[in-house]
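**Student:** Have a look; sequence and predicted model below, questions after that.
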Amino acid sequence: MAYQTQTVYETSFLVPAPVLVYQTTGNCPACGIGSLQSEMTCLGVFCCIVFFPLGLICLFLLQDQRCLHCGYST
């Protein structure tokens, strides 16, 4: 009596790793993509130079917020 050999085939499946997509959104009220950056106004710089000690308050109060993506300003 002869023994028969069995052939065993192994199959393996590769499972792809999940892809994570991070979408960053900005704080711009107009486009929602860009971020707002503070810019000093000409009047604020002028008040800062002319009325030096108290002009610093004017400098920081007279700032303009501008979006880096769409150019929206507040």
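**Tutor:** Received it, and whenever you're ready, just let me know what you need.
**Student:** and the gap between Phe51 and Gly44?
**Tutor:** Look at Phe51 and Gly44: by Cβ to Cβ, to the nearest Å, they are 11 Å apart. For glycine as for every other residue, the C-beta is placed from the backbone atoms N, C-alpha and C.
**Student:** what touches both of these two?
**Tutor:** Cys58 (Cβ atoms under 8 Å, 6 or more residues apart in numbering).
**Student:** more neighbours, the two?
**Tutor:** Neighbour comparison, Phe51 and Gly44: the larger count goes to Gly44, with 20 against 13 (by other Cβ atoms under 10 Å).
**Student:** Give the buried residues for stretch 21-32.
**Tutor:** Buried residues in stretch 21-32, counted by 16 or more other Cβ atoms under 10 Å: Cys28.
**Student:** who's in contact with it?
**Tutor:** Residues from elsewhere that reach stretch 21-32 (Cβ under 8 Å, 6+ apart): 33-36, 67-70, 72, 74.
**Student:** Narrow the residues you listed to those in helices?
**Tutor:** Members of the contacts of stretch 21-32 lying in helices (criterion: DSSP state H): none.
**Student:** most surrounded residue in these?
**Tutor:** Cys67 (21 neighbours).
**Student:** how close does that residue sit to Val15?
**Tutor:** From Cys67 across to Val15, the span is 42 Å (Cβ to Cβ).
**Student:** Same question for Val45.
**Tutor:** Applying Cβ to Cβ to Val45 and Val15 gives a distance of 60 Å.
**Student:** out of these two, which sits in the busier spot?
**Tutor:** A direct count of neighbours by other Cβ under 10 Å for Val45 and Val15 places Val45 higher, at 14 against 5.
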